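Novice: sequence and predicted structure are below.
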Amino acid sequence: MKKTPPASRGYSQVDWLKNKNKNGRKKVVPLSMEQVKQHNRKDDAWLVLRGKVYDVTEYIPFHPGGEAEICRAIGKDATKLFLAKHPWVNAEFLLSNCLVGYLVEDRPVEEKER
Ligand code: HEM
């Protein structure tokens, strides 16, 4: 497994946090798994974590476990892998500016639910 070396200057979690407030999104929208699946490339990378959809494209080079590891989960629901590797990581905080929406089921909304 290729890890981002700790020596790569400018890519620590602190560097990430310093930067992340610069590009927050304002509007959060409901999204289906079908939509998440379209963003499965390193340069256009979404994933789901505990029902929330994040665009992690900018975060990938900052991932302390390396790019390859986090890329295993892009375009997918990353919750199980994430919890298996590091349940203690506060992703909600780290990725708060990467939030694009929340996952909804891939089915039409029933009349009574509208
Ligand atoms: C979804 C967003 C993710 C975030 C915000 C995130 C964040 C982090 C952080 C902060 C660390 C350092 C943890 C520590 O030192 O205690 C880490 C390490 C790591 N992450 Fe992630 N991660 C994410 C997704 C993933 C996924 C999907 C995988 C696996 C497929 C993964 C695999 C790893 C591995 C293997 C390490 C290294 C653990 C070690 O040093 O032994 N991460 N990640």
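Specialist: Here it is on my side, so go on.

Novice: how near is the one residue in the chain that gets nearest to the ligand to Arg72?
Specialist: In the chain, the residue that lies nearest the ligand is Gly65 (2.3 Å; Cβ to the nearest ligand atom). C-beta here means a position set from N, CA and C on the backbone, and glycine is covered the same way. Distance of Gly65 to Arg72, given as Cβ to Cβ, to the nearest Å: 10 Å.

Novice: so which bits of this protein are right by the ligand?
Specialist: 13, 47, 49, 56, 63-65, 69-70, 72-73, 78, 81-82, 85-86, 89, 91, 94-95 (Cβ under 6 Å from any ligand atom).

Novice: buried subset of these?
Specialist: 47, 49, 56, 63, 69-70, 73, 78, 81-82, 91, 94-95 (16 or more other Cβ atoms under 10 Å).

Novice: including secondary structure and distance to Lys18, could those residues go into JSON lines?
Specialist: Listed next are those as JSON lines, based on DSSP: H, G, I helix; E, B strand; the rest coil; distance: Cβ to Cβ, whole Å:
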{"residue": "Leu47", "secondary structure": "strand", "distance to Lys18": "23"}
{"residue": "Leu49", "secondary structure": "strand", "distance to Lys18": "22"}
{"residue": "Val56", "secondary structure": "coil", "distance to Lys18": "18"}
{"residue": "His63", "secondary structure": "coil", "distance to Lys18": "16"}
{"residue": "Glu69", "secondary structure": "helix", "distance to Lys18": "23"}
{"residue": "Ile70", "secondary structure": "helix", "distance to Lys18": "20"}
{"residue": "Ala73", "secondary structure": "coil", "distance to Lys18": "25"}
{"residue": "Ala78", "secondary structure": "coil", "distance to Lys18": "24"}
{"residue": "Leu81", "secondary structure": "helix", "distance to Lys18": "27"}
{"residue": "Phe82", "secondary structure": "helix", "distance to Lys18": "23"}
{"residue": "Ala91", "secondary structure": "helix", "distance to Lys18": "18"}
{"residue": "Leu94", "secondary structure": "helix", "distance to Lys18": "12"}
{"residue": "Leu95", "secondary structure": "coil", "distance to Lys18": "15"}
